[in-house]
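Q: the following block contains a protein sequence and its predicted model.
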Amino acid sequence: MAWFDNLKTPKIKAKGQVKESKVPEGMWLKCPECSEILQKTNLANHLFICPACQHHLRMGALERIESLVDSGTFIEKDADLASLDPLQFKDLKNYSERLEKAQERTGIRDGLLYGEAKLEGIPIAIAAFEFKFMGGSMGVVVGEKIARTFELALKKKIPAIVVSASGGARMQEGILSLMQMAKTTSLITEMNQKGIPYISVLSDPTTGGVAASFAMLGDIILAEPKALVGFAGPRVIQQTIRQELPEGFQRAEFLLEHGFLDQIVHRQDLKATIGCLLGHLVGASTGSPATRAKKEPPSRKSPPSKKKTSKRNTASGQRRVPLVSSKRR
């Protein structure tokens, strides 16, 4: 793309001299759906939605939370939790080195942010995955933060919202990462017994152990358009069963049609939709902010599913895994 290279480093003539004006790296992105060249700053201002085709690009954890909660209300918790590399895992690189590079690249200690905030005036516990941190994989720290999100909801009796974007369990932590599935699921069961709402939001991608545990156990399950949702990847499944998969297999639209989701919501409508749902779920009194949220959801939505086939998993697991560190770098 020679024209694009010229755009990045234009030559400017000044007083008989030719100078190069360097444009900082990372200013441009290409839409994976329509290949439109997009300026990153403008894209961020539009919630990382391609203006040409409305494709939903991936969002960072902090941007995701800020797009959903009321301005200035988010209070992050346990920001310093980090893995201690319990298995001393090594492949092409040491796991500890991979963690350090991911921390430097993203500016956070692990692949999830969580805390307390307000949405349409309603207090909530909220968590969001950072996919740029090792593919949003779930290790001991991520599982612990998810569990603490649900514990916060239980303690304060407020709704919990989790936005998932993950490749699944973190292989560098082995069986310890798989244990997080049972730990988080057991807390969802406790929330259900106490009548505390849990809304799960699935973004692209939500796969592996995350999809096989808490991500698919929400009282209400929402998804963004064309989000990839499933356990194993389509290619693995196709090679295993040796059959052609249906068109759009494991995409949000396919799952909605087959009863695994409650609704597909455009990112621009996500906050209003969740606010409307919370207004009904918390049973607020007349005149409160929650009651004002009880308005009709945005018109841009998919038709409701005719059936819901998923059932709540009642697996139990150990609550604490002392394999994380809260020491500041």
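A: Sure, I can see it.
Q: can you give me the strands for the stretch 51-200 of the chain?
A: Ranges of strands in the stretch 51-200 of the chain, per DSSP state E, counting those that start in this stretch, are 75-76, 82-83, 112-119, 122-129, 160-166, 198-207.
Q: which residues in the stretch 51-200 of the chain form helices?
A: If DSSP state H, counting those that start in this stretch is used as the criterion, the helices of the stretch 51-200 of the chain fall at 61-68, 95-106, 140-156, 174-193.
Q: quick one: the third one to helix 95-106, angle?
A: Between helix 140-156 and helix 95-106, the angle comes out at 60 degrees (axes from the mean of the first three to the mean of the last three Cα atoms, to 10 degrees).
Q: on that earlier part again, can you tell me which of the helices of the stretch 51-200 of the chain is packed in deepest?
A: Of all the helices of the stretch 51-200 of the chain, helix 140-156 has the most neighbours on average by mean count of other Cβ atoms under 10 Å, namely a mean of 23. All C-beta atoms are positioned from the backbone trio N, CA, C, and that covers glycine.
Q: format the helices of the stretch 51-200 of the chain as TSV; extra columns: mean pLDDT.
A: Formatted as TSV, these follow (pLDDT from 0 to 100):
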stretch	mean pLDDT
helix 61-68	97
helix 95-106	96
helix 140-156	98
helix 174-193	96
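Q: now those helices in TSV, with distance to residue 273?
A: Shown next, in TSV, are the helices of the stretch 51-200 of the chain (distance: least, Cβ to Cβ, whole Å):
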stretch	distance to residue 273
helix 61-68	10
helix 95-106	28
helix 140-156	19
helix 174-193	21
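Q: those helices: which one's closest to residue 252?
A: Closest approach to residue 252 among those (Cβ to Cβ): helix 61-68, 16.6 Å.
Q: of the strands of the stretch 51-200 of the chain, which shows the lowest average pLDDT?
A: Among the strands of the stretch 51-200 of the chain, strand 82-83 carries the lowest mean pLDDT, at a mean of 92.
Q: other SSEs contacting that one?
A: Here strand 82-83 is seen to pack against helix 95-106, helix 140-156, strand 324-325 when contacts are counted using 3 or more Cβ pairs under 8 Å, 6 or more residues apart in numbering; DSSP states H and E.
Q: CSV for these, including distance to residue 196?
A: Converted to CSV, these look like this (distance: least, Cβ to Cβ, whole Å):
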stretch, distance to residue 196
helix 95-106, 30
helix 140-156, 5
strand 324-325, 25
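Q: tell me which of the ones you listed lies nearest to residue 121.
A: Among the helices and strands packed on strand 82-83, the nearest to residue 121 by Cβ to Cβ is helix 140-156 (15.3 Å).
Q: same for that closest one, what does it pack against?
A: Judged by 3+ Cβ pairs under 8 Å, 6+ apart, helix 140-156 is in contact with strand 82-83, strand 112-119, strand 122-129, strand 160-166, helix 174-193, strand 324-325.
Q: where does the stretch 201-329 of the chain dip in pLDDT?
A: Counting by pLDDT under 70, the ranges of the stretch 201-329 of the chain that qualify are 284-329.
Q: where exactly do the helices run in it?
A: Using DSSP H, counting those that start in this stretch, the helices found in the stretch 201-329 of the chain span residues 208-211, 234-241, 252-257, 270-281, 289-292.
Q: for the first one, list every residue counted as buried.
A: In this case it means helix 208-211. Going by neighbour count (16 or more other Cβ atoms under 10 Å), the buried part of helix 208-211 is 208, 209, 210, 211.
Q: and what of the fourth one?
A: Residues of helix 270-281 classed as buried under the neighbour-count rule (16+ other Cβ under 10 Å) are 270, 271, 272, 273, 274, 275, 276, 277, 278, 279, 281.
Q: got it, and stretch 32-51?
A: Across stretch 32-51, burial judged by 16+ other Cβ under 10 Å covers 38, 43, 47, 48, 49, 50.
Q: pLDDT-wise, what's the bottom of these?
A: In terms of pLDDT, residue 43 ranks lowest among the buried residues of stretch 32-51, with 89.
Q: quick one: secondary structure of the residue nearest to it when sequence neighbours are not counted?
A: With Cβ to Cβ, 6 or more residues apart in numbering as the criterion, residue 43 has its nearest non-adjacent residue at 6.3 Å, and that residue is residue 29. Using DSSP: H, G, I helix; E, B strand; the rest coil, the structure places residue 29 in strand.
Q: thank you kindly, that will do.
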